[in-house]
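In: Got a predicted structure here, sequence first:
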Amino acid sequence: MSFKTKKDTSYLYRILIISIFFMLITSLSAAWLTDIPKRLTQPNGVQIAAFSSGDEFFSWVHDENHFTMVKDDLSGFWCWAQEENGELVSSGYPVHLYNPESRGIRPHARISAGLYRHQ
């Protein structure tokens, strides 16, 4: 295909720009999901009903009251999470043994906005 006039080239250029614009917009939108049921298994076999929320860049596991859970690196148990320096860390309290409120753990623990942007 040859372009004989400046008008032909300009038309093709506009189509290219519009196509790139739409590709960028569709790739920038994250698929946000909330309260997707999930079943967790502790190392001792105890089953825990939980939920997963987030998008493809960051997601977290929580209970019905929005207390966040993380898997403890040392014990392998799912424990209540706490925010520490903008990150989620294990409290060391397994979710099947402890009430998070009685341990001073707050609901809705998340990573910092800065960490989220760098994901």
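Out: That came through fine. Bear in mind the structure is a predicted one, so any value in this text is a computation, not a measurement. Residues are numbered from 1 along each chain as shown.

In: State the helix or strand in which residue 36 lies.
Out: Taking DSSP states H and E as the criterion, the element that holds residue 36 is strand 33-41.

In: Can you name the residues in contact with that strand?
Out: Here strand 33-41 makes contact (CB atoms under 8 Å, 6 or more residues apart in numbering) with 47-55, 59, 61, 69, 78. Every residue, glycine included, has its C-beta placed from N, CA and C.

In: Now do the buried residues in stretch 92-103.
Out: Going by neighbour count (16 or more other CB atoms under 10 Å), the buried part of stretch 92-103 is 93-95, 100.

In: and those residues, which two are the farthest apart?
Out: Distance extremes for these: the farthest pair is 94 and 100 at 10.9 Å, using CB to CB.

In: So residue 15 belongs to a helix, correct?
Out: Yes: when the secondary structure is assigned by DSSP: H, G, I helix; E, B strand; the rest coil, residue 15 falls within a helix.

In: I'd like to know how many residues surround it.
Out: The burial count assigned to residue 15 is 10, neighbours taken as other CB atoms under 10 Å.

In: Whichever of the contacts of strand 33-41 end up buried, select them in PyMOL.
Out: The following PyMOL line selects those of those that are buried, judged by 16+ other CB under 10 Å:
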select buried, resi 48+50+51+52+53+54+61+69+78
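
In: Please state the offset of stretch 32-41 from the chain centre?
Out: When C-alpha coordinates are averaged (CA atoms, centre = their mean, to the nearest Å), stretch 32-41 and its chain have centres 11 Å apart.

In: how about the strands in this protein?
Out: 33-41, 47-54, 59-62, 68-71, 78-84, 87-94 (DSSP state E).

In: Pipe those into a markdown table and attach mean pLDDT and distance to residue 112 per row.
Out: Rendered in a markdown table, the data for the strands of the chain read as follows (pLDDT from 0 to 100; distance: least, CB to CB, whole Å):
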| stretch | mean pLDDT | distance to residue 112 |
| --- | --- | --- |
| strand 33-41 | 96 | 20 |
| strand 47-54 | 96 | 15 |
| strand 59-62 | 94 | 13 |
| strand 68-71 | 97 | 14 |
| strand 78-84 | 96 | 8 |
| strand 87-94 | 96 | 7 |
